[in-house]
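Q: Any chance you can model this:
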Amino acid sequence: LYYLGLDRKQAVFDKGVGRELRHTVGTGFWGRRGGWDYNSEATLQLGAFGDGKLLAWGTGHDTGYTFRSARFQPRIGLTAAVTSGDGGNPNAPLGTFSPLFTTGLYYGQGTINLNGPSNIIQFDPHVGLQITKSVRIIVDNDFFWRTSIRDGVYGLPVNLLVSGQGNPERYVGSQSSVGAYWQVNRHLSLNAAYNHFFAGPFLVKATPPRRSVDYAVAWATYKF
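A: Sure thing, here's the model as predicted:
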């Protein structure tokens, strides 16, 4: 169980601009049984926004099976997540979920993301291969829909990327990625990923229209 509190003097959402006081309570559970593994989380957010209230929620689940006796020990997995969006009623509580202090490695299996987990339905099948004891390759494909068609699409720091006002399309797009992850030693890891984001109808019909993009990333992590 956990609690996180956030107080921002000026927060910007598709609903408007105002002071945000957000109380987040949540729980997570994970484990392994044979070749199966699972990792789930559920979150509830309460508080105030401007002169009104705040009520949001989110849940995410990742389940996979590893064929340990097969070559490269392939793991086939599925991630599914849903987070709330605002319903567009000016008199109702703000419903946009906030992931709070997330890193760029939120969706998928270690790739850098363009969009964040606010007002989003996510579905992600993925496959991982253990090439050597220290090198792993993961291929995945994320699909994104808006939970509420009256709310927009946000970035990882909950910045409004595209307003949802006047746009009835629900499907945001998909992101295909392949990543390589090398644990050099107990301290150092080197990683790289290539991604292609396919813009869906919501982004194509936005003003101005958004297009599909390609991008690649590389990063190193050193743990003391």
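Q: So in the chain, which strand runs the longest?
A: The strand spanning the most residues in the chain, taking DSSP state E as the definition, is strand 16-33.
Q: low-confidence ranges in the protein?
A: Applying pLDDT under 70 to the predicted model, the residue ranges of the chain that meet it are 105-111.
Q: ok so, going back, against which helices or strands is the longest strand of the chain packed?
A: Contact analysis of strand 16-33 by 3 or more CB pairs under 8 Å, 6 or more residues apart in numbering; DSSP states H and E lists strand 2-13, strand 36-49, strand 52-66 as its packing neighbours. Quick note: C-beta positions are derived from backbone N, CA and C, even for glycine.
Q: Tell me what angle the last one forms with strand 16-33.
A: Taking axes from the mean of the first three to the mean of the last three CA atoms, to 10 degrees, one finds strand 52-66 and strand 16-33 inclined to each other by 30 degrees.
Q: I'd like the next helix or strand past strand 52-66.
A: Proceeding N to C from strand 52-66, the next assigned helix or strand is strand 75-83, under DSSP states H and E.
Q: how big is the angle separating the helix or strand following that following strand from strand 75-83?
A: Where DSSP H and E defines the elements, the next helix or strand beyond strand 75-83 is strand 120-130. Here the directions of strand 120-130 and strand 75-83 differ by 160 degrees (the same axes, to 10 degrees).
Q: How about the helix or strand just after strand 120-130, which residues are buried there?
A: Downstream of strand 120-130, the next assigned helix or strand under DSSP H and E is strand 135-146. Judged by neighbour count (16 or more other CB atoms under 10 Å), strand 135-146 contains these buried residues: Arg136, Ile137, Ile138, Asp140, Asn141, Asp142, Phe143, Phe144, Trp145, Arg146.
Q: which one of those sits closest to Phe123?
A: Of all the buried residues of strand 135-146, Phe143 has the smallest distance to Phe123: 4.6 Å, by CB to CB.
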